[in-house]
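>>> the sequence isn't on hand, but the structure is:
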């Protein structure tokens, strides 16, 4: 008797309503995965900053500057690997969500952007350019990267760090 009533109830619910419920569940799972990816990216940025801060020199200086000037680092969908923006008087660094979420990758790019800010008062010269790239390179090696496998961080010139 119970099974007959359940069968009658299931037949009474339109198939379209059942499909819509499945679609809603699927959409919710996509939103949950988007939130999960966002949380994972935030955790990767935090791990990167902790690892940089624990580093011998360059990474610690970059993180100190970042915190001293209240610069926010986030991960978003964007065509550039990294960019620095100033919104409402607050500087923030945005990393692309297409990058591998590893401290070595994030660290070198964050260091590149912070080095540009740290050395902004220095006159434009070859030394300033070298110091910017060298800061990224040092952070890369401090985080365990091999100097022989440094990534390209200057998209326009194609220079390695």
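Thanks, I have the structure now. Small disclaimer: the values here were computed from a predicted structure and weren't measured. Numbering: from 1, shown residues only.
>>> for residue 74, phi and psi?
phi -140, psi 170 (degrees, to the nearest 10).
>>> just use 7 as the starting number from now, easier for me
Okay, using 7 as the starting number, the last item reads as residue 80.
>>> which residues does it bridge with?
Listed beta-bridge partners, residue 80: residue 100 (assigned using DSSP bridges).
>>> so what pLDDT did it get?
Per-residue confidence for residue 80 comes out at a pLDDT of 89.
>>> distance of the nearest residue to residue 91 once chain neighbours are set aside from residue 60?
Leaving out its chain neighbours, the residue that sits closest to residue 91 by C-beta to C-beta, 6 or more residues apart in numbering is residue 98, at 5.8 Å. Quick note: C-beta positions are derived from backbone N, CA and C, even for glycine. To residue 60, residue 98 is 23 Å away according to C-beta to C-beta, to the nearest Å.
>>> which of these two has more neighbours?
residue 98 (16 against 12; other C-beta atoms under 10 Å).
>>> what about the chain, any weak spots by pLDDT?
Within the chain, the segments meeting pLDDT under 70 span 7-42, 62, 156-167.
>>> cutoff 50 now
In the predicted model, the chain carries pLDDT under 50 at residues 162-167.
>>> wait, residue 58 touches residue 149, no?
Yes - contact criterion C-beta atoms under 8 Å: residue 58 and residue 149 qualify, at 7.0 Å.
>>> those two - which one has more neighbours?
residue 58 (26 against 22).
>>> residue contacts, residue 124?
By C-beta atoms under 8 Å, 6 or more residues apart in numbering, the contact list for residue 124 reads 67, 68, 71, 141.
>>> name only those of those residues that count as buried.
67, 68, 141 (16 or more other C-beta atoms under 10 Å).
>>> include distance to residue 118 and secondary structure when you put these into TSV, please.
Shown next, in TSV, are the buried ones among the contacts of residue 124 (distance: C-beta to C-beta, whole Å; DSSP: H, G, I helix; E, B strand; the rest coil):
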residue	distance to residue 118	secondary structure
67	14	helix
68	10	helix
141	7	helix
